[in-house]
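[1] Fold the stuff below for me.
(one chain, ligands or ions: 2)
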Amino acid sequence: MVTTHNLGFPRIGAKRELKFGLESYWKGLSDQETLTSLAAQLRALHWQQQSVLDFIPVGDFSFYDQVLDMSFTLGNVPERVSGREGIALDNYFRVARGRSAGDSDCSCVHAGEMTKWFDTNYHYIVPEFTADTAFNLDASRLLAQIEESRAQGHQIKPVIIGPVSYLWLGKSKDASDRLALLERLLPVYAELLNALSEAGVTWVQIDEPVLVTELSAEWKHAFTLAYHHLKSTPVQLLLATYFGALQDNLQLTCELPVAGLHLDAISAQDEVSRVIDWLPAHKVLSLGVINGRNVWKTDLNATLEWLIPVYQKLSSRLWLAPSCSLLHVPVDLGVETQLDTEVSNWLAFALQKLEELQVLATALNKGRASVEAELTENAEAIASRRNSRRVHNAKVKSAVAELDSAWGQRASDYAQRATKQGKLLNLPAFPTTTIGSFPQTTEIRQARQQFRAGRLNTADYTTLMQKEIQRCVEEQEALGLDVLVHGEAERNDMVEYFGEQLEGYIFSQFGWVQSYGSRCVKPPIIYGDIARPSAMTVTWTGYAQSLTQKPMKGMLTGPVTILNWSFVRDDQPRATTCYQLALAIREEVLELEKSGVQIIQIDEAALREGLPLRKSQWQSYLDWAVASFRIAANGVKDETQIHTHMCYSEFNDIIQAIADMDADVITIETSRSDMELLDVFDDFRYPNEIGPGVYDIHSPNIPSETQVVKLMKKAAQRIPVERLWVNPDCGLKTRQWDEVRPALKNMVAAAQALRKAYAPVRAN
Ligand SMILES: Nc1nc2c(c(=O)[nH]1)N[C@@H](CNc1ccc(C(=O)N[C@@H](CCC(=O)N[C@@H](CCC(=O)N[C@@H](CCC(=O)O)C(=O)O)C(=O)O)C(=O)O)cc1)CN2
Ligand SMILES: [Zn+2]
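    Ligands and ions are numbered 1, 2, ... in the order given. Below you'll find the predicted structure:
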């Protein structure tokens, strides 16, 4: 018999119940009891929905982030919050967000740093280490949830993050070697596993996703040390790897002294037979055969055909699961009532993926005949997608086939363009601008909800959004900003908004996926060739420009970011889809230009974060990603100024690729790193203009004028002042107007001070 299990389930709720519960608690509108009982209800529902599986995950639920949960379990709690009285949960939220329910402004602490979870759009709270970090087990969260699930009659498998990945994902705050902490960490893990065993647990899933990345000899050795240390614990360990292939870590991984291994057979299908060869005969092999990161139905017949010989070899040592936690896909296709029925028949969300898993297991355990109807239905859906005329657009395919590098080439080089643009735009030194979005207020969101529900007509919705745009322009004029934006009021999200207007896309009503904390995105779904039936932003931008004499930046999302933050086709290379998106955005750029827009920003927030997990694959990704951006951006006249924006700025290794995009201006995140990141942008390596973010928009804290001046002076030591812009780190949509106004006021005042301070330099 094969065993079925799941690595993790989405916790936000099919209708984002957890999001609303959390936000209400943070605002002080509900109490802890309400929040914890909502959490228990969600867990109960999710376990029940998974209960056909042989093992269901416990410990994957989180109030904010599973890595932060692990930090609390290991007693690695930052000093700045420890020793506080009151509700423990509030301390957890203080690390997550810098404050908790009922905190007055003065009791805020700085939030833990947030960063991307591998190559997904999920963000985790980075564990903090120093040379003195001590660990202390607090297994209460896990033990309580184990008891809770048992009471509901489930067969469970607790999920924890493994010690090596835990250290790898964290950051040393004092430049000490975090790997040196392993010795101190392992006894706490052993204690945890013992506690789980005492609670009656037999299997524990221990996640070590860093095994799919390139590891140095020290980190490889850490694996051997760690798992030999944990070998004698009484529970059986299922070591889980996902998001990629093991490659040079394959032999190491197979030989670790654990009871079982989970391999992502979607991204590492080629490795399965080698793993079987290397894996000692007593070990279980769990294969992730259902894609946990995309929304397409699995081709069950093909998968089964491939699995049958594997099952013959492994027999009951074979376990089946989705490739990774289902955190990265929406919960339930069943609640979607407005999806196009043809395309929706090609899709599977979390619950449907578990059904697929069940069909595969039943076919192996009881023979194909026992699931004949399901297999036939699946074959029909797969064929329907493959043969659908709606997937293919001959015009788009030939446009992509005709692309050559000339499409990505601007007429003149940067220096010549800068002169022409300077004359036309006539901006002061240290020009001020923002990244695009202004607060998405409750009124804006509610208006859009009403519009969607048909309770507000198009004319009224448009009027409301125009009012918001007008307000936004007036605020910026009053603040004295130099280059204005329209504020993106009309956009639900910077990717979904474009997806909704492009052909080849469909979008769900409830397909929410957690991005961080309570924040979710609803990635639109690319099912076919991409075309742009009509202009997407020109009217809104034109309206905004009509309200001011100052230059209004056109605001677009770039092809690579649209690709990386959408659910994409799995029937053609990502590069091909990206080129199609690039052509669509190029059309929009050219139409904006034609309408008189002089500055166009094309956000590539996800270009850096879309890098493959292994460095050896970076260059081929960067080649098509940069080429796509260039196709989108570089068809404009010299006089048109192209901006781009990226929110994470560890650019050290890819600065050449960033420079090759050849945008006239790039805005990046730098405030949190005190401008040190700019070292890599120094004179020689980055030739164009730069707006290093001067304050962190993720925090409600207001930067002072002095702070901004200080940061910009640091920037000016690295970048010639005539190439510097002044702007926040990222868009302001998650902030309140009361936070934005004073922050930008200080930023503008700082720019004025800088103009005075550097005036003599510029006169020379
Ligand atoms: N796709 C994407 N990925 C990204 C980012 C990004 O901006 N977009 N930014 C970075 C950080 N990640 C982020 C992810 C989400 C949000 C965010 O603000 N999300 C919103 C949802 C945005 C949205 O699509 N809103 C819709 C739906 C609004 C809504 O929820 N309406 C309520 C009613 C209104 C209300 O009471 O608020 C309802 O339908 O129930 C809209 O505006 O139309 C949220 O979770 O709150 C911010 C940053 C990295 N990845
Ligand atoms: Zn950003």
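
[2] Just the element for the spatially most central residue of the chain, please.
    The centroid of the chain falls nearest to residue 121 when counting by C-alpha atoms, centre = their mean (1.2 Å). Using DSSP states H and E, residue 121 is not contained in any helix or strand.

[3] Let me see the contact set for it.
    The contact partners of residue 121, by C-beta atoms under 8 Å, 6 or more residues apart in numbering, come to 328, 513, 515, 521, 523, 564, 565, 606. Where you see a C-beta, it was placed from the backbone N, CA and C, and this is true even at glycine.

[4] With residue 142 instead?
    58, 59, 73, 158, 160, 192, 196.

[5] Next, give phi and psi for the second one.
    So the one you mean is residue 59. The phi and psi values for residue 59, taken as degrees, to the nearest 10, are phi 100, psi 0.

[6] and residue 395, how many residues sit next to it?
    Neighbour count of residue 395, defined by other C-beta atoms under 10 Å: 9.

[7] Make sure it is actually in contact with residue 532.
    No - counting by C-beta atoms under 8 Å, residue 532 is not a contact partner of residue 395; they are 11.6 Å apart.

[8] Retrieve the pLDDT associated with the residue nearest to the centre of the chain.
    Predicted confidence (pLDDT) for residue 121: 96.

[9] do the same with residue 154
    Value listed for residue 154 in the pLDDT field: 96.

[10] what about it, is that helix, strand or coil?
    coil (DSSP: H, G, I helix; E, B strand; the rest coil).

[11] heads up, I number from 223, so please use that
    Got it, the first residue is 223 from now on, which makes the last one we talked about residue 376.

[12] residues in contact with it?
    Residue 376 touches 269, 273, 278, 280, counting by C-beta under 8 Å, 6+ apart.

[13] do that again at 7 Å, thanks
    Residue 376 makes contact with 269, 273, 278, according to C-beta atoms under 7 Å, 6 or more residues apart in numbering.

[14] For the closest residue to ligand 1 within the stretch 273-422 of the chain, give its distance to residue 357.
    At 5.0 Å from ligand 1, residue 343 is the closest residue in the stretch 273-422 of the chain, using C-beta to the nearest ligand atom. Residue 343 sits 30 Å away from residue 357, going by C-beta to C-beta, to the nearest Å.

[15] what's the answer for residue 560, then?
    Counting by C-beta to C-beta, the gap from residue 560 to residue 357 is 49 Å.

[16] who has more neighbours, these two?
    residue 357 (20 against 11).

[17] what does the stretch 823-972 of the chain put close to ligand 1?
    Counting by C-beta under 6 Å from any ligand atom, the stretch 823-972 of the chain comes close to ligand 1 at 955, 956.

[18] Can you show me the helices along the stretch 823-972 of the chain?
    840-855, 877-883, 927-940, 959-985 (DSSP state H, counting those that start in this stretch).

[19] closest one to residue 655 among those helices?
    helix 959-985 (9.9 Å; C-beta to C-beta).

[20] now for the closest one, which elements pack on it?
    Applying 3 or more C-beta pairs under 7 Å, 6 or more residues apart in numbering; DSSP states H and E, one finds that helix 959-985 makes contact with helix 680-701, helix 927-940.

[21] most neighbours, which of the contacts of residue 376?
    residue 278 (24 neighbours).

[22] OK, contacts around that one?
    The neighbours of residue 278, taking C-beta under 7 Å, 6+ apart as the test, are 228, 269, 272, 376, 378.

[23] Can you get me a residue count around the third one?
    Neighbouring residues of residue 272 were enumerated by other C-beta under 10 Å; the total is 21.

[24] If I look at it, what pLDDT would I see?
    Looking at residue 272, its pLDDT stands at 98.

[25] Does it touch residue 231 like I think?
    Yes - with contact defined as C-beta atoms under 7 Å, residue 272 reaches residue 231; the gap is 6.2 Å.

[26] is it true that residue 355 touches residue 298?
    Yes - taking contacts as C-beta under 7 Å, residue 355 lies within contact range of residue 298: 6.2 Å.

[27] Quick check: the gap between the residue nearest to the centre of the chain and ligand 2.
    Separation of residue 343 from ligand 2 (C-beta to the ion, to the nearest Å): 13 Å.

[28] try residue 728
    26 Å.

[29] Ramachandran coordinates for that residue?
    phi -130, psi 160.

[30] now swap in residue 676 and tell me
    Dihedral angles for residue 676 - degrees, to the nearest 10 - are phi 80, psi 10.

[31] Can you read off the pLDDT for it?
    96.

[32] Contacts only, for it.
    Applying C-beta under 7 Å, 6+ apart, no residues qualify as near residue 676.

[33] Switch the helices and strands packed on helix 959-985 over to a markdown table; also include mean neighbour count.
    Output for these, formatted as a markdown table (neighbours: other C-beta atoms under 10 Å):
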| stretch | mean neighbour count |
| --- | --- |
| helix 680-701 | 17 |
| helix 927-940 | 18 |
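
[34] need the ones you listed in CSV with distance to residue 851, can you?
    Converted to CSV, these look like this (distance: least, C-beta to C-beta, whole Å):
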stretch, distance to residue 851
helix 680-701, 27
helix 927-940, 24
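
[35] which one of the ones you listed lies closest to residue 581?
    Ranked by C-beta to C-beta, the member of those that lies closest to residue 581 is helix 680-701, at 43.5 Å.

[36] In the stretch 723-872 of the chain, what residue comes closest to ligand 2?
    residue 869 (3.1 Å; C-beta to the ion).

[37] next one: phi and psi at that residue?
    phi -90, psi -20.

[38] Surely it touches residue 950?
    No - taking contacts as C-beta under 7 Å, residue 869 lies outside contact range of residue 950: 10.6 Å.

[39] more crowded one of the two?
    More crowded of residue 869 and residue 950, by other C-beta under 10 Å: residue 950, with 26 against 20.

[40] quick one, what contacts the more buried one?
    Neighbours of residue 950 in contact, by C-beta under 7 Å, 6+ apart: 656, 657, 915, 916, 917, 919.
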